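Student: fold the following.
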Amino acid sequence: RSQEPVVLPVKIPSLLMLGSDGIAGGMATKIMPHNFNELLNAQISVLRDEPFRLFPDFLQGGIMDASEYEDGNGKITLRARIAVEGRNLVIRNGQVHMANMCLAACYKVNGVSRLHGDILKQDLFRDLYSVQPDKFTYVTNGIDHRRWLAQINGEYHSLICELLGSDRYLLHPEELIGLRRFADDSAARDAVLKVKAANKRRFAEFAKRNDGFTLNTDSLMDVQIKRLHEYKRQLLCAMSITAQQLRLHDDPNTDFAPRTYVFGAKSAAGYKTAKRIIELLLSLADDVNNDPVCKGRLAVYFVENYRVSAAEAIVPAAQISEQISTAGKEASGTGCMKLMMNGAVTIGTLDGANVEMYERLGDENMFLFGLHADEVARLKAQGYAPQRLCERDDALKRVVDQLRTGFSDGVSYDDLAQRLLQRDEYMLLQDFASYCAAEQRMAKTYADRAAWDRMSLLNIARSGIFAADRAVAQYADNIWHVPHK
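Tutor: Below is the predicted model:
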C-alpha cells in the first residue's frame, strides 16, 4: 500500500487481457478480488481504444451485464442502473477506464479514513454505490507505533514504560490511554518536557550536519512534513509566516513567542506549481533568516532531501503539527498520526484522519480552523470569488502583494499570486483568516506551559487508536476474513 497513485490495480487488469483461460488471466482472477480492496482517490491512467474482444469473458460480462439487482420495481442490471450517469462504467465513449475495471473486479472498495470512505460513496463512485452498497467500507490508516514511537523516540518510550508500569503498550497500543491519569501530574509533565527538549537538541545537531542550519532550540518547533502538493497547502503556511514577518516589522516590540517553521517536502518531477512553491519557501526562508527584525524570533528551515532518516529526527522534536489540507482532499494522512503520537499538538482542518483525531482530542487539545468539506463544495457551487475576498481583507491583500513583489532575492511569485486570485482551487484565501486566528490561539496557549504540556501528554495518550495493529485487525475481520492474534 502506498499513499501515491495506485500502481498494482492498474497493472493487474492488463494481465486479464491475456485471457481468463490462460495462466496470467487465471491467476489474476483469483488474486485480484482478494488483494486489491483499496482504491485511493488518485488519478489513474485511462487505457484508450483497446479492442473490446481482448477482455476475458468473465470480466466483460461483469462489466456490461452485471448480475441482476432487485430495486423494488423488478430486477434490473447493474449496467442499466448506472448508465444514467455512467461515471463508473468500465467501457464508456470508446474508452476503457481502468479504475472502474478495478471496481468491477474487486469485492471490496476501501476508504482509508471515514471521510475518505464517505467521499468514495457519495461522490467518486456513487453510481456503483447506489447498486452495491455492501461493496464499500473504510478502514482508517494506522502507523507502526513500535517504529514511529519506541524506536525513534527512545526516551519517550522509557518514560511511557515507567509511567504505565510496563512495556505492554508495544503489543497493546490502546493502553497508551493510561497516560491520561498523568495529565495533571506536574512531575510527569516536566518529564515529558525534558524529553522534548532533548529531542530538539538532537534535531538541531541533524540540521547543522545536514544543511548547516543553526536551530534555536528554545523556539517553538512548528512542523509541516509531507509531499508537496497544492491541496496540502504549504503555501498557506508560507502566507502565514509572511503575515507574521510583516507584523513584526509593523511593531518590533510586540510580544512574540520565538518560532521555527520546519518544512520537509518533495514534489513530483513534472509538477511545475509544486516546484514553484518550493522555490518560494526557499526565498522566504532566506529573507526571514537574514532579517534583523526576525532574528531570534522567527525562522524558517526547509530540510534538504527530505527522507525517512530526516523524519526520524524531526518527528520526536516537533511541537506543532501542521495538517492544513483543504477539507475533502486528503484521503487519510499518516504523518499526522506520527506527530500526534510523539506529543506534537495539531493545527488542522477537518480533513482525512484529522476528523477522527478531533473526535478524540476536542477543541481543548487541537486547534481546528477552516471550511468543512461540505462547505467547500457549497461555496464553489455558489460561485467563489477569491479576488473580491482579497480586496476586502487588508491583511490578506498585503500578503498576496508580497508574493507578487517577492522577497529579498528579487524573485517575483506573481504566477502563484495570480493562481490564488483567479481561481484559488484549494481555498487558501478563504481559510487564511481562520488559519491566522487559530495560530494566535495556539501561541496564547503555548504561553501557559503547564496547559501546553498537558495537551502534549494527552495527544500521546489518545493516539493508540491510530496504531497499525488496529487497522490490520479491522482488515482481517471485515475484509480479508482471516484469523489474527
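
Student: just list the residues touching Gln387, thanks.
Tutor: Leu421, Gln422 (CB atoms under 8 Å, 6 or more residues apart in numbering). In this view, the C-beta of every residue, glycine as well, is placed from N, C-alpha and C.

Student: tell me the secondary structure for it?
Tutor: helix (DSSP: H, G, I helix; E, B strand; the rest coil).

Student: please report the distance of it from Leu420.
Tutor: Using CB to CB, to the nearest Å, one obtains 9 Å as the distance from Gln387 to Leu420.

Student: and if you look at Gln122?
Tutor: 28 Å.

Student: helices of the stretch 51-200 of the chain, start to end?
Tutor: 57-64, 78-82, 98-105, 114-119, 126-131, 145, 154-164, 186-211 (DSSP state H, counting those that start in this stretch).

Student: those: which one's closest to Met442?
Tutor: Nearest to Met442, of all those, is helix 186-211, at 16.1 Å by CB to CB.

Student: now that closest one: buried residues?
Tutor: If you call a residue buried by 16 or more other CB atoms under 10 Å, then helix 186-211 has these buried ones: 188-189, 191-193, 195-196, 198-200, 202-204, 206-207.

Student: returning to what we had before: now the helices of the stretch 51-200 of the chain as CSV including distance to Glu425 and mean pLDDT?
Tutor: Output for the helices of the stretch 51-200 of the chain, formatted as CSV (distance: least, CB to CB, whole Å; pLDDT from 0 to 100):
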stretch, distance to Glu425, mean pLDDT
helix 57-64, 33, 40
helix 78-82, 28, 47
helix 98-105, 22, 83
helix 114-119, 17, 93
helix 126-131, 22, 87
helix 145, 35, 97
helix 154-164, 39, 98
helix 186-211, 32, 97
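
Student: could you dump the ones you listed to a markdown table with distance to Thr260?
Tutor: Listed next are the helices of the stretch 51-200 of the chain as a markdown table, based on distance: least, CB to CB, whole Å:
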| stretch | distance to Thr260 |
| --- | --- |
| helix 57-64 | 54 |
| helix 78-82 | 52 |
| helix 98-105 | 41 |
| helix 114-119 | 31 |
| helix 126-131 | 44 |
| helix 145 | 26 |
| helix 154-164 | 21 |
| helix 186-211 | 9 |
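
Student: which among those is found nearest to Leu236?
Tutor: helix 114-119 (19.5 Å).

Student: residues touching Ser240, list them.
Tutor: Phe432, Tyr435, Cys436, Glu439.

Student: chain neighbours aside, what residue packs nearest to the first one?
Tutor: If you skip the residues right next to it in sequence, Phe432 has Leu396 as its closest partner in space, 5.3 Å away by CB to CB, 6 or more residues apart in numbering.

Student: picking up where we left off before, what's the closest of the contacts of Ser240 to Gly328?
Tutor: Tyr435 (16.5 Å).

Student: element containing that closest one, please.
Tutor: helix 428-446 (DSSP states H and E).

Student: give the next helix or strand downstream of that helix.
Tutor: Moving toward the C-terminus from helix 428-446, the next element (DSSP H and E) is helix 449-461.

Student: low-confidence stretches in the stretch 301-450 of the chain?
Tutor: Flagging of the stretch 301-450 of the chain using pLDDT under 70 yields an empty set of residue ranges.

Student: tell me where it has strands.
Tutor: In the stretch 301-450 of the chain, the segments counted as strands under DSSP state E, counting those that start in this stretch are 320-323, 345-348, 367-368.

Student: can I get the second one in PDB? Just the C-alpha atoms.
Tutor: This points to strand 345-348. Output of strand 345-348 as PDB, limited to C-alpha atoms (Å, rounded to 0.1, in the frame of the first residue of the first chain):
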ATOM      1  CA  VAL A 345      -0.200  19.400  19.100                       C
ATOM      2  CA  THR A 346      -2.100  19.700  15.800                       C
ATOM      3  CA  ILE A 347      -3.400  22.700  14.000                       C
ATOM      4  CA  GLY A 348      -5.600  21.500  11.200                       C
END
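
Student: before we move on, back to that, Ser332: which of the strands of the stretch 301-450 of the chain is closest?
Tutor: Each of these has some distance to Ser332 by CB to CB; the shortest is strand 320-323, at 11.0 Å.
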